[in-house]
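*Asks:* Build me a structure from this.
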Amino acid sequence: MPLSEDAYWAEEGARAARRGLRWDANPFLKRENMPAATGDSPPEWARKHDAWQRGFDGDEPSLPTVAWAQVSPSRSAELRAAFDLS
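*Replies:* Got it, this is the predicted structure:
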């Protein structure tokens, strides 16, 4: 998974924390985002889950902002569409 996707999920986790959501708002805990449903390998799923959790926990305060800023607007839109995020 490219760094930009890790940073994307970390930023989504941080955004959830800022909105006051709970840890179980992690989208990778939903049945439809589990490896059996998506076809992701368990390590790939864990990487996405953990990136979101790190952002939520505030463990990477500078990485999401810096890395996310490097994602082009078209790639940002592509990622949001791919993961059905607004």
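
*Asks:* going forward, measure contacts and count neighbours with C-alpha atoms only.
*Replies:* Fine.

*Asks:* in the protein, which helix or strand is least confident?
*Replies:* When each helix and strand of the chain is scored by mean pLDDT, DSSP states H and E, helix 63-69 comes last, with a mean of 44.

*Asks:* Show me the helices in the protein, by range?
*Replies:* Listed in chain order, the helices of the chain (DSSP state H) span 3-18, 35-38, 42-57, 63-69, 73-82.

*Asks:* Confidence-wise, which of those helices is weakest overall?
*Replies:* Looking at these, the lowest mean pLDDT belongs to helix 63-69 (a mean of 44).

*Asks:* Check Ser86 and give its pLDDT.
*Replies:* Ser86 carries a pLDDT value of 54.

*Asks:* With Val71 instead?
*Replies:* For Val71, the pLDDT comes out at 52.

*Asks:* now Gly39
*Replies:* For Gly39, the predicted pLDDT is 95.

*Asks:* Relative to Asn33, how far out is it?
*Replies:* Distance, Gly39 to Asn33, by C-alpha to C-alpha, to the nearest Å: 9 Å.

*Asks:* likewise Arg22?
*Replies:* 18 Å.

*Asks:* Who has more neighbours out of those two?
*Replies:* Applying other C-alpha atoms under 10 Å to Arg22 and Asn33 shows that Asn33 carries more neighbours, namely 16 against 10.

*Asks:* All set, thanks.
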